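Trainee: Provided below for reference: sequence and predicted model.
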Amino acid sequence: MTPPELPLYARVAESLARDIREGLYAPSDRLPSVRELTRRLGVSTSTVVEAFGQLLDRGLVVSRPQVGFFVRPDASVLDTPAMSKPRVVPTTVSTSEIAMEVVQATAEPELVAFGSALPNVELEAPRAVRRLLAQAARGTKALEYETPPGHRELRVQIARRARGAGCDVSADDIVITSGCQEAVMLSLRAISNPGDTIAVESPTFYGTLQAIESLGLRVLEIPTHPETGIHLESLEMAIEQFPIKGCIVTPAASNPLGTTMSDERKIALLEILESRDVPLIEDDIHGDLVFASPRPRAIKSWDTKGQVLLCSSVSKSIAPGLRVGWSIAGRFAARVNYLKLVSSMASATLPQMAVADYLLGGSYDRHLRAAKTFYAQSRDALIDLVSRHFPRDTKVTRPSGGFVAWVELPREVDALGLYRRALAGGVSVAPGPLFSARAKYRNFLRLNYANPWDDRARQAIQRLGALASEVAC
């Protein structure tokens, strides 16, 4: 199946980006005005405005109110990877062995860990939660079961925060889970049976693929663009061809691309799925870490039929070891609640209490502002390092949030071979084949930029680029 072309605004943005890369517009140059481009290209004003919005998100241009758009003085010259082209046919997952190898390797303390998707745990929130954990541990309540749906005060705080994503939910709509991964697992079990097919973005988080495999499900990989997200026309065509029982997307700062879908495309996605009664599992784990303000709306906010199962956690925004996640499962909530009870009885009470106290205290928003500023600056530093040390023709995404980026190396570079050579030299990366059920993306890497760029980290990126260059020569 050949994917149709990108939306018009994305094509306009790519044309301007190409002009910048090719030097038609130099750093600090003023770009044509919205009015001029509208007239020259014969498109609507809203199309040009949306195109400039994409260039702003990619860090290629800056806006000066009442003046216009200018090429950023330090704009990255690296291209963005093109839309993926997976084979759109149901398949089983074939990457379990390498997934276990990579996950175990990231736990080695002596490695420079670019291969994990772990946050910086030295920021303000993890320190505050450590104090609250100690405080909560003094009582006996922390030693008791919090049977599903979980600690009520935590569910109240989650429901309040969900309003910021546009979701009008109550504490009774929420089931606490042991991280987002369990929420996704429970959601998959609630909507499908072994042998069923689940549609996913491609590339997608390897943990999602492993969950699908463990449940005896099949995967249908859908082409996905690093700037606009899952390709809706390809998804619609796939649903017409195959009996898809569910779809999983990460519309806010996706992993590994870092894409945030526009509201227009989120609504269109929901309409496609609703018209065919296909449930949507919305992985919103990075929603609070999207750099732009306000926080993006969740697809769940437009759900009027209860068929969106929103899954999230504090694993990326606070700390992964807390294992505090949740599901807002709409008409599947009772089923998810039951499955939680029979699979693990309850999530640990102590971290639920500590996270509830932290969210109640009001410091979380201050933490998010600082974290997003830190991650955005760290992203820019990574792109700069990659542009200086990696082979020519390397491409990299410019994530709109979170702390992982997707790097496309020259075609002759084998990511698995590079991963093993880098590991022997004390550097971990996540090779591209992990992020596809068919082990595609053999010349891609996912890199984490969550931690400070000290000399050790900079030297590790330089070594990684040198290894890639050796192979690419």
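Mentor: Thanks, I have it. Residues are numbered from 1 along each chain as shown.

Trainee: so Glu201: helix, strand or coil?
Mentor: Applying DSSP: H, G, I helix; E, B strand; the rest coil to Glu201 yields a three-state assignment of strand.

Trainee: that one and Leu232 touch, don't they?
Mentor: No. In this structure, Glu201 is not within contact of Leu232 by C-beta atoms under 8 Å, at 11.5 Å. C-beta: built from backbone N, CA, C; applies to glycine.

Trainee: compare the two (neighbour count), which wins?
Mentor: Between Glu201 and Leu232, counted using other C-beta atoms under 10 Å, Glu201 has the larger neighbour count: 30 against 18.

Trainee: who does the more buried one form a beta bridge with?
Mentor: Ile222 (DSSP bridges).

Trainee: which residues touch it?
Mentor: Taking C-beta atoms under 8 Å, 6 or more residues apart in numbering, we find Glu201 in contact with 221-222, 224, 229-230, 248-250, 254, 257.

Trainee: any chance of CSV for these, columns secondary structure?
Mentor: CSV is the format used below for the contacts of Glu201 (three-state DSSP):
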residue, secondary structure
Glu221, strand
Ile222, strand
Thr224, strand
Gly229, strand
Ile230, strand
Ile248, strand
Val249, strand
Thr250, coil
Ser254, coil
Leu257, coil
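
Trainee: PyMOL command to pick out the buried ones of those residues?
Mentor: Only the buried entries of the contacts of Glu201 go into this PyMOL selection, using 16 or more other C-beta atoms under 10 Å:
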select buried, resi 221+222+224+229+230+248+249+250+254+257
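
Trainee: distance to Val386 and pLDDT for the contacts of Glu201 - can I get that in a markdown table?
Mentor: Shown next, in a markdown table, are the contacts of Glu201 (distance: C-beta to C-beta, whole Å; pLDDT from 0 to 100):
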| residue | distance to Val386 | pLDDT |
| --- | --- | --- |
| Glu221 | 26 | 97 |
| Ile222 | 27 | 97 |
| Thr224 | 21 | 97 |
| Gly229 | 23 | 96 |
| Ile230 | 25 | 97 |
| Ile248 | 29 | 98 |
| Val249 | 27 | 98 |
| Thr250 | 23 | 98 |
| Ser254 | 19 | 98 |
| Leu257 | 15 | 97 |
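
Trainee: the helix or strand in which Val386 is found: how far from the chain's middle?
Mentor: Element membership for Val386 (DSSP states H and E) is helix 364-389. Relative to its parent chain, helix 364-389 has a centroid offset of 15 Å by C-alpha atoms, centre = their mean, to the nearest Å.

Trainee: buried residues in it?
Mentor: 364, 367-368, 371-372, 374-376, 378-383, 385-386, 389.

Trainee: check which helices and strands it sits against.
Mentor: Counting contacts by 3 or more C-beta pairs under 8 Å, 6 or more residues apart in numbering; DSSP states H and E, helix 364-389 packs against helix 124-136, strand 395-396, strand 404-408, helix 455-472.

Trainee: if you set the cut-off to 6 Å instead, what comes out?
Mentor: helix 455-472 (3 or more C-beta pairs under 6 Å, 6 or more residues apart in numbering; DSSP states H and E).

Trainee: per-residue pLDDT, the closest residue to Glu227 other than its chain neighbours?
Mentor: Computed as C-beta to C-beta, 6 or more residues apart in numbering, the closest residue to Glu227 that is not its neighbour in sequence is Gln54, at 5.7 Å. The model reports Gln54 with a pLDDT of 80.

Trainee: does Gln54 count as helix, strand or coil?
Mentor: helix.

Trainee: with Ala183 instead?
Mentor: Per three-state DSSP, Ala183 ends up helix.

Trainee: name the nearest residue to it, sequence neighbours excluded.
Mentor: In space, Ala183 is closest to Cys311, 3.6 Å off (C-beta to C-beta, 6+ apart).

Trainee: distance of that neighbour from Pro226?
Mentor: 23 Å (C-beta to C-beta, to the nearest Å).

Trainee: more neighbours: which of those two?
Mentor: Per other C-beta under 10 Å, whichever of Cys311 and Pro226 has more neighbours is Cys311, with 30 against 26.

Trainee: returning to what we had before: number of residues surrounding the residue nearest to Glu227?
Mentor: Neighbours of Gln54 using other C-beta under 10 Å come to 22.

Trainee: same check, this time on the one 5 residues further on
Mentor: Other residues near Gly59 number 17, with proximity taken as other C-beta under 10 Å.

Trainee: which ones are touching it?
Mentor: Applying C-beta atoms under 6 Å, 6 or more residues apart in numbering to Gly59 gives the contacts Arg398.

Trainee: now it: phi and psi?
Mentor: Main-chain torsions, Gly59, degrees, to the nearest 10: phi 80, psi 20.

Trainee: just to revisit the earlier point, which one of the contacts of Glu201 sits closest to Ser33?
Mentor: Gly229 (28.3 Å; C-beta to C-beta).

Trainee: correct me, but the closest one touches Thr259?
Mentor: Yes. Using C-beta atoms under 6 Å, Gly229 is in contact with Thr259, at 4.9 Å.

Trainee: skipping adjacent residues, who's closest to the residue nearest in space to the middle of the chain in space?
Mentor: Centroid check for the chain by C-alpha atoms, centre = their mean gives Ser254 as the closest residue, at 2.0 Å. In space, and not counting its chain neighbours, Ser254 is closest to Glu201: 6.6 Å by C-beta to C-beta, 6+ apart.

Trainee: and Leu310, that's in a helix?
Mentor: No. With three-state DSSP as the criterion, Leu310 is assigned strand and is not in a helix.

Trainee: bridged to it, which residues?
Mentor: Bridge pairing for Leu310 - DSSP bridges - gives Glu282, Ile328.

Trainee: what about it, distance to Leu359?
Mentor: Leu310 is 17 Å from Leu359, by C-beta to C-beta.

Trainee: cool, Arg87 as well?
Mentor: From Arg87 to Leu359 the distance is 43 Å (C-beta to C-beta).

Trainee: looking only at neighbour counts, state which of these two leads.
Mentor: Using other C-beta under 10 Å, the more surrounded residue of Arg87 and Leu359 is Leu359, with 21 against 13.

Trainee: so that one sits against Val156, correct?
Mentor: No. Counting by C-beta under 6 Å, Leu359 does not reach Val156; the two are 9.1 Å apart.

Trainee: quick one: buried residues of the lowest-mean-pLDDT helix or strand in the chain?
Mentor: Averaged element by element with mean pLDDT, DSSP states H and E, the chain has its least confident helix or strand at helix 96-105 (a mean of 79). Residues of helix 96-105 classed as buried: 98-99, 102-103, 105 (neighbour count, 16+ other C-beta under 10 Å).

Trainee: closest one of these to Ala142?
Mentor: Val103 (28.9 Å).

Trainee: domain parsing for the protein?
Mentor: With domains defined by automatic domain parsing, the chain comprises 8-71, 96-120+366-472, 126-364.

Trainee: got the end-to-end distance for the first one?
Mentor: Distance between the boundary residues of domain 8-71 (C-alpha to C-alpha, to the nearest Å) amounts to 21 Å.

Trainee: now do it: distance to the chain's middle.
Mentor: For domain 8-71, the distance to the chain centre is 26 Å (C-alpha atoms, centre = their mean).

Trainee: swap in stretch 280-298?
Mentor: For stretch 280-298, the distance to the chain centre is 9 Å (C-alpha atoms, centre = their mean).
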